[in-house]
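Asker: Take this sequence and fold it.
(chains A and B)
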Amino acid sequence: MSVGAPKIPVTVAEVVTVTPMVKRFRFVRRDGAPMLPFSGGAHVVVEMDDHGTRRMNPYSLMSAPDDTSGYEISVRRDDAGRGGSFYLHTHVTPGTEMVIGSPVNLFPTNARARKHLLIAGGIGITPFLAQMAALQAQGGRFELHYSARSSDLAAYADDLTARYGDRVHRYLDDQKQQIDLANLLPGQPLGTHLYVCGPKGMISWVRSTAHALGWPETAVHSEEFLAPPIGAPFTVELATSGKTIAVGPAQSLLEAIEAAGVVAPYLCRGGACGECETSVLACDGQIAHNDHWLTDDQKASQTRIMPCVSRFAGASLVLDR
Amino acid sequence: MVLDFNDETFRGDFTYRNSAKAIARFPFPFPEDSYMYSVNMEPHVPGRPGSVFEHMFDVDEHYVSEMRDRAMVLADDPLRCQSLPHMALAGWDLLELIMVSKARDYPHWFTLTRDGNRWHWINRPLQIEQKFTFLDETTLPCGPMEYITRQTQGDFTLQDQRDDNLWLEAGMVTTQADWSLDFDIGMSFHEWHAPVPLAHELRVFDRALKFLLNLQLGAPVRRFNWTMTVDPLLDTSPENYPTWGPTKTTMTEGTIGQRQHLRVELQTLQRLPRSNAIVFPIRCYLIRFEELVSVPKWARRLHRVVRDIPDEIAAYKGFLRNKPLMLAYLSQFDDGASTSPGFWPD
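Answerer: Reported below is the predicted structural model:
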């Protein structure tokens, strides 16, 4: 019952080096039509043909949500990853034709919040760039606390200070500066919502600190896309399609299913949205559940799997797909 | 204009009628000879030319009279249109969606000219012309959702998405099948569906909610719902029950063909871009039994659906009492012949 949104054929209009590690890519529609506006926090899936390997990675949209002339993403190069960001950094230039998905928002601002407290770590700044532009246009109250390794790696920090003034607070690791969360959180007005996007450690630090201080779960929001991890190859039987497929070390199970010509639903491809959830019909071995979606009980039962990020080791795995 | 739109009433003397053209394009909701709840959603993509699926928002011969009826309902009860403060942006999303769609699909009736945020809207059937600033509520005579839904057939609700749920927090509801916006506003998805029998046990709403939470921008979906209504009354609301509830008890063999109407809702759902809210347009189409049985396939099938429907569902839809009368009338048109698959007339 999955209904796919139309994909968007785009041309890369601009590639800008933002920091030694980050490049910004601007996409415009090949047919010259305007993009749809989007909501701050939305991401798009960018499709890449990386020398025969089809990659589909999610990136937060960072351009102003009402700028319908194009969409922009910022990508941090990850040399240890599977290669999506490396491909974008090294092979994508102005004029490159690509395909992106329609925007999907798994990290929206809460429209009822009285204030938005935004906590960013490193490249986790990107969804907040779009959110702040939208909040500014709507007269929303917000405050950004942005932590980066060093001044030259703090992408967009100077622009943000110029635009939003003292609502932007910057913290640099190499200056031994750290967000003083324990004092920041208790001082917030009632109705404040807290948002965090950054490395895994930062997200769990912010969430656990807020929890310990009695913040309601529904007022704390985080976004972490998991890159599908590299792992040992394994084999999976797709019962409905009658196919047996091999999943390579740098390939996700979802990518292997797609490469076999089997249509499977997806949205975020990062273990967060639940769209690709698949029934496990038989499992003789151990599923490595890498997602944020299934409950601990579901994971332990080994009856469901999120093929976008999860892997398997053992004798046999049979999926209802 | 006179040729395009009927001059008719949905109250009092009930002069509402479907022309032969309107009957032929009526959205008959039963693709087979039986009915059970299902999520039954499909992509809301442009459909067969001339059908109610041809365009994103169907404008038909009843447009002008329906908008006149809506204005009367609102004059009597302004709470039929409400929008909680945080839903304003979703209202603008809806205004944009409707204006852009109608100007594209019916350029002879609607024109939208945009210069940045300075917009100029012309609605010829309703003789409205408005220059305003997009996203500036002070430049419209009322809020954006109310403004555009006073000019668009069908009820509308706007759902905010948060906490892995949908919250009904704005709407224009004047053509409803016995539910109240004023009662439901602020409720979550399972709360406002709580009165529906059987479907909860089938986990229909759990699956529907999961589907809707991931509804994608640019990928609207649609489904049908239906019920039965005595007389062509659009406003069958709980607020108004004393005026229409008792009419069920006045039905006779002699009047059922003329007064009993099949009420079909074409429900669509789509993600709104700026607000990430979901809009739920509920478009009501009414057809009297006499009109419906002019299509032999529909007459046979409606007889079988009504005959075989579980009593709980007939009671929830409010026609259990008159089911025997309906069957007596409809059975005259069911010779037992097989029907072709799908809902289109043969």
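
Asker: Which element, helix or strand, includes the closest residue to chain B within the stretch 51-200 of chain A?
Answerer: For the stretch 51-200 of chain A and chain B, the shortest gap (Cβ to the nearest Cβ) falls at A:Ala111, measuring 3.9 Å. C-betas here are computed from N, CA, C, even on glycine. Counting by DSSP states H and E, there is no helix or strand that carries A:Ala111.

Asker: tally of neighbours for residue 207?
Answerer: I went with chain A, as the question did not name one. 17 (other Cβ atoms under 10 Å in any protein chain shown).

Asker: wrong one, chain B
Answerer: 13.

Asker: A:Ala13 now?
Answerer: For A:Ala13, using other Cβ under 10 Å, the count is 15.

Asker: Next: the one 10 residues further on.
Answerer: Residues contacting A:Lys23 under the criterion other Cβ under 10 Å number 20.

Asker: That one is in contact with A:Glu72, isn't it?
Answerer: No: A:Lys23 is beyond contact range of A:Glu72, at 10.8 Å (criterion: Cβ atoms under 8 Å).

Asker: what are the phi and psi values for the nearest residue to B:Pro232 once chain neighbours are set aside?
Answerer: Distances taken as Cβ to Cβ, 6 or more residues apart in numbering or on different chains put B:Tyr16 closest to B:Pro232, at 3.8 Å, once the chain neighbours are dropped. Phi and psi for B:Tyr16, reported as degrees, to the nearest 10, are phi -50, psi 130.

Asker: B:Pro197 now?
Answerer: B:Pro197 adopts backbone torsions of phi -80, psi 160, taken as degrees, to the nearest 10.

Asker: That one and B:Glu312: what is the separation?
Answerer: B:Pro197 sits 5 Å away from B:Glu312, going by Cβ to Cβ, to the nearest Å.

Asker: Same question for B:Thr339.
Answerer: Counting by Cβ to Cβ, the gap from B:Thr339 to B:Glu312 is 25 Å.

Asker: for B:Pro238, same thing?
Answerer: Per Cβ to Cβ, B:Pro238 is found 20 Å from B:Glu312.

Asker: hmm, back to that, residues near the residue of the stretch 51-200 of chain A closest to chain B, how many?
Answerer: A:Ala111, neighbours per other Cβ under 10 Å, totals 24.

Asker: Quick check: chain neighbours aside, which residue is closest to it?
Answerer: Nearest one to A:Ala111, counting by Cβ to Cβ, 6+ apart, is B:His86 at 3.9 Å.

Asker: I'd say that neighbour and B:Trp167 touch.
Answerer: No: in this structure, B:His86 is not within contact of B:Trp167 by Cβ under 8 Å, at 9.8 Å.

Asker: neighbour count winner among those two?
Answerer: B:Trp167 (24 against 18).

Asker: and chain A, which residues reach chain B?
Answerer: A:1, A:3-6, A:36-39, A:42, A:65-66, A:102-105, A:108, A:110-112, A:134, A:137-138, A:218, A:267, A:273-275 (Cβ under 8 Å from any Cβ of the partner chain).

Asker: Show me which of those are buried.
Answerer: For the residues of chain A next to chain B, a burial check counting by 16 or more other Cβ atoms under 10 Å in any protein chain shown picks out A:3, A:5, A:36-39, A:42, A:65-66, A:102-105, A:108, A:110-111, A:134, A:267, A:273-275.

Asker: correct me, but B:Leu94 touches B:Phe156?
Answerer: Yes: at 6.8 Å, B:Leu94 counts as touching B:Phe156 under the criterion of Cβ under 8 Å.

Asker: Compare those two and say which is more crowded by neighbours.
Answerer: B:Leu94 (27 against 23).

Asker: element containing the more buried one?
Answerer: helix B:88-105.

Asker: how about the helices in the stretch 51-200 of chain A?
Answerer: A:84-91, A:126-138, A:157-164, A:181-184, A:200-212 (DSSP state H, counting those that start in this stretch).

Asker: and the residue of the stretch 51-200 of chain B found nearest chain A, what is it in contact with?
Answerer: Nearest residue of the stretch 51-200 of chain B to chain A, counting by Cβ to the nearest Cβ: B:His86, 3.9 Å away. Applying Cβ atoms under 8 Å, 6 or more residues apart in numbering or on different chains to B:His86 gives the contacts A:Ala111, A:Arg112, B:Asp160, B:Glu169.

Asker: Quick one: low-confidence residue ranges for the chain.
Answerer: If you meant another chain, say so; for now it's chain A. Residues of chain A meeting the criterion pLDDT under 70: A:1-4, A:225.

Asker: To clarify, I was referring to chain B.
Answerer: Within chain B, the segments meeting pLDDT under 70 span B:1-3, B:37-39, B:200, B:202.

Asker: can you pull out the strands in it?
Answerer: Secondary structure of chain B, counting by DSSP state E: strands at B:42-43, B:81-83, B:110-115, B:118-123, B:128-133, B:155-162, B:165-172, B:221-230, B:260-271, B:278-288.

Asker: and if you look at the stretch 51-200 of chain A?
Answerer: Assigned by DSSP state E, counting those that start in this stretch, the strands in the stretch 51-200 of chain A fall at A:53-60, A:71-76, A:97-100, A:104-105, A:115-121, A:142-148, A:168-172, A:192-197.

Asker: Partner strands of the second one, with direction?
Answerer: Sheet partners assigned to strand A:71-76 using DSSP bridges are listed as strand A:22-29 (antiparallel).

Asker: show me the contacts for the closest residue to B:Leu166 other than its chain neighbours.
Answerer: The shortest distance from B:Leu166 to any residue other than its chain neighbours is 4.1 Å, reached at B:Gln159 (Cβ to Cβ, 6+ apart). By Cβ under 8 Å, 6+ apart, the residues touching B:Gln159 are B:Leu166, B:Trp167, B:Leu168, B:Glu169, B:Phe189, B:Ala277, B:Ile278, B:Val279, B:Phe280.

Asker: mind redoing it with 10 Å?
Answerer: B:87, B:90, B:165-171, B:188-189, B:192, B:212, B:269, B:272, B:277-280 (Cβ atoms under 10 Å, 6 or more residues apart in numbering or on different chains).

Asker: neighbours of the residue lying closest to A:Ser150 once chain neighbours are set aside, just the number please.
Answerer: Among residues not flanking A:Ser150 along the chain, A:Asp174 sits closest, at 4.4 Å (Cβ to Cβ, 6+ apart). Neighbour count for A:Asp174, taken as other Cβ under 10 Å: 11.

Asker: how about A:Asp174, what does it touch?
Answerer: Here A:Asp174 is in contact with A:Ala148, A:Arg149, A:Ser150, A:Ser151, A:Asp152, A:Leu153 (criterion: Cβ under 10 Å, 6+ apart).

Asker: Tell me, how many residues neighbour the last one?
Answerer: Residues contacting A:Leu153 under the criterion other Cβ under 10 Å number 19.

Asker: how far away is the spatially closest residue to it that is not a sequence neighbour from A:Arg76?
Answerer: Sequence neighbours aside, A:Thr19 is the residue nearest to A:Leu153 in space, at 5.2 Å (criterion: Cβ to Cβ, 6+ apart). According to Cβ to Cβ, A:Thr19 stands 9 Å off from A:Arg76.

Asker: again with A:Gly101
Answerer: 20 Å.

Asker: ok, the two, which is more surrounded?
Answerer: Comparing A:Gly101 with A:Arg76 by neighbour count (other Cβ under 10 Å), the higher total belongs to A:Gly101, at 23 against 19.

Asker: Excluding sequence neighbours, find me the nearest residue to the more buried one.
Answerer: Nearest in space to A:Gly101, with sequence neighbours left out and distances taken as Cβ to Cβ, 6+ apart, is A:Val45 at 4.0 Å.
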